[in-house]
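Enquirer: got a sequence here, can you model it:
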Amino acid sequence: MAKVKQICEEKVCPIIEEMGYEVVEVEYAKKSDGMNLTFFIDCEKGVEIDDCEKVARAIDPVLEELNPTDDKPYIMSVSSPGIDRPLKTERDFSRNMGKEIEITLFSKIDGKKVFKGELLSFDKEKVTINFKEQPLSFERTKIAHIVPVIKF
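Expert: Below you'll find the model as predicted:
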């Protein structure tokens, strides 16, 4: 499965990026309907169904030629990661600087696993938020996931 993802990241993602989209993630996973190869894309203006269709049409012949699954059947799709997608890439963190995020830890600290606060800084080792008017840092290895707080 890692081979399929690697081939797609090396050969297909550059095509999508040339079209003006950011590839947030490539996922190759077993779902209820079989193996699924999903490209999660984003762009400044947001992603609409027409964007997904345009990218799917552009990469379908490339995938056909590459044959990353060695003729094993799969379903290919292109999707938006959604506004509440987890922060994973440096670009995700940069885009959310100064905004409220929610950090969920693998294990509790002082009886809590979930912390919300304004994103103050990040690097490969830690993420720092403004929690109750104080900077609070978390080691990235202890973080299960980070999502933006969506307010309507």
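
Enquirer: closest to the centroid, which residue in the chain?
Expert: residue 24 (4.4 Å; Cα atoms, centre = their mean).

Enquirer: in a helix, that one, correct?
Expert: No - counting by DSSP: H, G, I helix; E, B strand; the rest coil, one finds residue 24 to be strand, located in no helix.

Enquirer: which parts of this protein are helices?
Expert: Residue ranges of the helices in the chain, as given by DSSP state H, are 2-11, 13-18, 49-66, 90-95.

Enquirer: in the second one, which residues are buried?
Expert: If I follow you right, that is helix 13-18. Buried residues in helix 13-18, counted by 16 or more other Cβ atoms under 10 Å: 13, 16. Glycine gets a C-beta too; all of them are placed from N, C-alpha and C.

Enquirer: list the helices and strands it packs on?
Expert: In terms of contacts (3 or more Cβ pairs under 8 Å, 6 or more residues apart in numbering; DSSP states H and E), helix 13-18 is packed against strand 22-31, strand 34-42, helix 49-66.

Enquirer: residue 29 is nearest to which of the helices of the chain?
Expert: Closest of the helices of the chain to residue 29 is helix 2-11, at 9.5 Å (criterion: Cβ to Cβ).
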